[in-house]
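Visitor: got a predicted structure plus its sequence, pasted below:
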Amino acid sequence: MERTVSFPVDPAIYPLETLLGASYVFLDRAFVFLETASDQRILVHLTARPDLPATAKETLEGDFQAELLSQAYRALLAPRFQAVREAVLEAALRGAAGGELPVENWEADPLGIAMSWEDKYGGDKR
């Protein structure tokens, strides 16, 4: 049983980058065909893959719409967390290369956490 669903997507709500991201996620479930409609909306055609269970075929359009929303939210958050991603990547690459991780002004210690276990809890300082 081949099941194809088609529906329009407004690029003012879901930009092309978001639509392509959702399409990529769905490649294991459906064949995805995108085309521009005469009113500048994008028509999405999803044809379920033959090995997809019948129950999954019934929810294909709704699942794609949910993935569109997820991709749009991810695109909205991405700029906000760019600095965090870059810092984590830098630390990972430095560690993999055997370099020292940057330690910036740890002596200032505004939170009072830069102390050894022995200083904090007592114990044998061998």
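Guide: Thanks, I have the structure now.
Visitor: for stretch 62-70, buried residues please.
Guide: 63-64, 67-68 (16 or more other Cβ atoms under 10 Å). Glycine gets a C-beta too; all of them are placed from N, C-alpha and C.
Visitor: could I get that stretch in CSV with only the CA atoms?
Guide: The C-alpha coordinates for stretch 62-70 follow below in CSV (Å, rounded to 0.1, in the frame of the first residue of the first chain):
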residue,chain,number,x,y,z
GLY,A,62,1.3,15.2,11.5
ASP,A,63,4.7,13.8,12.4
PHE,A,64,6.3,16.0,9.7
GLN,A,65,4.5,19.0,11.0
ALA,A,66,5.8,18.3,14.5
GLU,A,67,9.3,18.0,13.1
LEU,A,68,8.9,21.3,11.3
LEU,A,69,8.1,23.0,14.6
SER,A,70,11.0,21.3,16.2
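Visitor: show me where this structure has its helices.
Guide: 16-25, 54-58, 60-77, 82-96, 117-121 (DSSP state H).
Visitor: which one of the ones you listed is the most hemmed in?
Guide: helix 16-25 (a mean of 17; mean count of other Cβ atoms under 10 Å).
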